[in-house]
Structure formats: structure tokens, C-alpha cells
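Trainee: here's a sequence, model it:
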Amino acid sequence: MANSTSPVMQPNVLQSLERARNCEENDDDRTILDNAVTELWRRVQSQPDTYVFTPDEFALFNYFIARFQGSLVTRGAVARFWDNYRGNGSSLD
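Mentor: This next block holds a predicted model:
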């Protein structure tokens, strides 16, 4: 299960994601986001049948979803997120 020490809970990651969504990212943002999604994927792979994304984690993962298409682990993690989603708990608007 996801926890509060998640790398995407850091304000710099959330800010970089918001800029990237608005096509305003820079090299630093790309590095921050790549590092965060790499760490998030490592966490998912360490618990492939049980990890549940937080809304902010899912926002980051979804931004990079093409990178993980075709993976059964990805399908399971996305399904678990939606099965457990309880409204807008995201820091992003």
C-alpha cells in the first residue's frame, strides 16, 4: 500500500508535474519527474499485487503511462487505484 513517504508527495514533484501538464517544464522538471516515477515504479514492483497509488502518485504515473503499457503489473496497479478511489484527495487541481 502507498504511504506518506512517497516521492510524489514532495512539493517539487507536484509543481514539476503541474508545469509539465501545462507544457511549461524545463530540464530540471524532467529530471525531477523521471526520478520520481522511477522510484514510484520501484515501489509498485516491490508490491506488484497489493500496491495502491495515492491520487498524487496516480497523477504522476498516469502522466508516464505510455512507458508502462502492456505490463500486467501496471494494469493491476491502475485497477487497484480505481477500485480504491474515494474522490479528490489529490494536491493537484
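Trainee: correct me, but E25 touches E18?
Mentor: No: using Cβ atoms under 8 Å, E25 is not in contact with E18, being 9.3 Å away. C-beta coordinates here come from the backbone N, C-alpha and C atoms, glycine included.
Trainee: can you tell me the closest non-neighbouring residue to R21?
Mentor: Spatially, and ignoring its direct neighbours in sequence, R21 is nearest to Y63 (7.1 Å; Cβ to Cβ, 6 or more residues apart in numbering).
Trainee: can you list phi and psi of that neighbour for me?
Mentor: Phi and psi for Y63, reported as degrees, to the nearest 10, are phi -60, psi -30.
Trainee: isn't it right up against E18?
Mentor: No: here Y63 lies out of contact with E18, judged by Cβ under 8 Å, at a distance of 10.4 Å.
Trainee: who touches both of those two?
Mentor: With contacts defined as Cβ atoms under 8 Å, 6 or more residues apart in numbering, no residue is shared by Y63 and E18.
Trainee: mind saving the C-alpha coords of the strand or helix carrying V73 as CSV?
Mentor: Applying DSSP states H and E as the criterion places V73 in helix 72-84. Taking C-alpha atoms only, helix 72-84 is exported to CSV below (Å, rounded to 0.1, in the frame of the first residue of the first chain):
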residue,chain,number,x,y,z
LEU,A,72,0.3,-6.8,-16.1
VAL,A,73,1.7,-5.1,-13.0
THR,A,74,0.6,-1.7,-14.5
ARG,A,75,-2.9,-3.0,-15.2
GLY,A,76,-3.3,-4.4,-11.7
ALA,A,77,-2.0,-1.2,-10.1
VAL,A,78,-4.3,1.0,-12.1
ALA,A,79,-7.3,-1.2,-11.4
ARG,A,80,-6.5,-1.2,-7.7
PHE,A,81,-6.3,2.6,-7.7
TRP,A,82,-9.7,2.9,-9.3
ASP,A,83,-11.2,0.2,-7.0
ASN,A,84,-10.0,2.2,-4.0
